[in-house]
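Trainee: need the 3D shape of this:
(one chain, ligands or ions: 2)
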Amino acid sequence: MILTLKTGTSKKEVDNVIAKIKELGFTPSLSRGTERVVIGVIGDKAIVHKDKFATMEAVDFITPISKPYKLVSREFKKENTIVSIGKDVHVGSKQVVVIGGPCSIDTKENLILTAREIKKAGGHLLRGGAFKPRTSPYSFQGLGEKGLELLAEAKKLTGLPTVTEVMDPRQVELICEYADVLQIGARNAQNFDLLKEVGQCAKPVILKRGFATTVEEWLMSAEYIVSKGNHQVILCERGIRTFETATRNTLDLSAIPVAKHLSHLPVMVDPSHGVGVREYIVPMALAAIAAGADGVMVEVHPVPAEALSDGHQALLPIQFQHMMKQIKLVAEAVGRTI
Ligand code: PEP
Ligand code: MN
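Mentor: Numbers count the residues shown, from 1 in each chain. Ligands and ions are numbered 1, 2, ... in the order given. Next up, the predicted model:
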């Protein structure tokens, strides 16, 4: 349920409404628009207490939210959320944001070289996995903290903000010390304890869609993060499981307009895991931007044969450079910038 307060409501009156919400055992979520204060009343059966708020002087009107997710819904907030990373990157604005980097961080030389190439081509963020969610326990699991140190070094040399995956609530604090953005991978999209943990940190979160989750379930996962107080969530479509085997997954481009219609959160697309075949990544990145995505994340490696994971789907730096030029054209055609 959303309480829209009257224009010109004083801070004291806002505090009174918040106190009332807490007194009844619910959680308030405050959002200040240009003219009005809007407060979400979060909790099961909040609507039962509608009359207690309707009689408050400061409350102008009450809107129930019909969706099971509340804070991330368009019903709750009409304007697009913009997640800023540093001073130059604004995901959800007119700017199309491009993230590139290796699936797993391996050597210092490879990572620094990749970072420099991404920067040179006009990419905005550097990605790299240090804790890897591998299907087999015998596959390379990532360099751990050593990988995070290399990521921080690459940032220092290039100025590119960084993204890395967090797999366990116990890693959140450590990863927050090194990275600018936390990534929740597809396999952990419904790891609710992890979602609650990143919901309590002050860093933006890229939330991948699980490969067997509906858009509604994906938004419920985002709700877990936002309901804990972290509003900086970026949704990321990365392909879902279907009967098709020509591609690693089926990249659900329709999820872009659907998620944007249902939610105010920015939506990015990861075509690398979406298709898993180098040749098909760039066309799908371009299609994602044309369909309204706020950015793309792709895997890049200077020597794919040496990559310790996902080398087969890594773009070479030169391919990344070409992709950036094409993205610029598509972005401009749909009224965006890069
Ligand atoms: C990744 O981005 O490195 C990754 C493992 O992706 P996903 O969680 O989408 O499979
Ligand atoms: Mn990968």
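Trainee: going forward, measure contacts between C-alpha atoms and count neighbours the same way
Mentor: Fine.
Trainee: Provide a list of residues in contact with the residue lying closest to Pro302 once chain neighbours are set aside.
Mentor: The shortest distance from Pro302 to any non-neighbouring residue, by Cα to Cα, 6 or more residues apart in numbering, is to Leu316 (5.6 Å). Listed by Cα atoms under 8 Å, 6 or more residues apart in numbering, the contact set of Leu316 reads Val300, His301, Pro302, Val303, Pro304.
Trainee: was I right about Lys196 contacting Tyr224?
Mentor: Yes - when contacts are counted by Cα atoms under 8 Å, Lys196 is listed as touching Tyr224 (5.9 Å).
Trainee: tell me how many other residues crowd the residue in the stretch 51-200 of the chain that ligand 1 sits nearest to.
Mentor: Nearest residue of the stretch 51-200 of the chain to ligand 1: Gly185, at 3.3 Å (Cα to the nearest ligand atom). Gly185: 23 surrounding residues under other Cα atoms under 10 Å.
Trainee: same deal with Asp193?
Mentor: Neighbours of Asp193 (other Cα under 10 Å): 14.
Trainee: ok so it is a helix residue?
Mentor: Yes - assessed by DSSP: H, G, I helix; E, B strand; the rest coil, Asp193 belongs to a helix.
Trainee: which secondary structure elements does the helix or strand in which Leu235 is found contact?
Mentor: Counting by DSSP states H and E, the element that carries Leu235 is strand 233-237. Using 3 or more Cα pairs under 8 Å, 6 or more residues apart in numbering; DSSP states H and E as the contact test, the elements touching strand 233-237 are strand 205-208, helix 215-227, strand 267-269.
Trainee: phi, psi for the residue of the stretch 51-200 of the chain closest to ligand 1 please.
Mentor: phi -80, psi 170 (degrees, to the nearest 10).
Trainee: how many residues are close by the nearest residue to it once chain neighbours are set aside?
Mentor: Spatial nearest neighbour of Gly185, excluding adjacent residues (Cα to Cα, 6+ apart): Lys208 at 5.3 Å. Counted by other Cα under 10 Å, the residues lying close to Lys208 total 26.
Trainee: where's Lys208 relative to Gly239, distance?
Mentor: As for Lys208, its distance to Gly239 is 9 Å (criterion: Cα to Cα, to the nearest Å).
Trainee: and if you look at Asp51?
Mentor: Asp51 is 44 Å from Gly239, by Cα to Cα.
Trainee: who's more crowded, those two?
Mentor: Shown here are Asp51 and Gly239; by other Cα under 10 Å, Gly239 has more neighbours (28 against 10).
Trainee: I appreciate the help and will end here.
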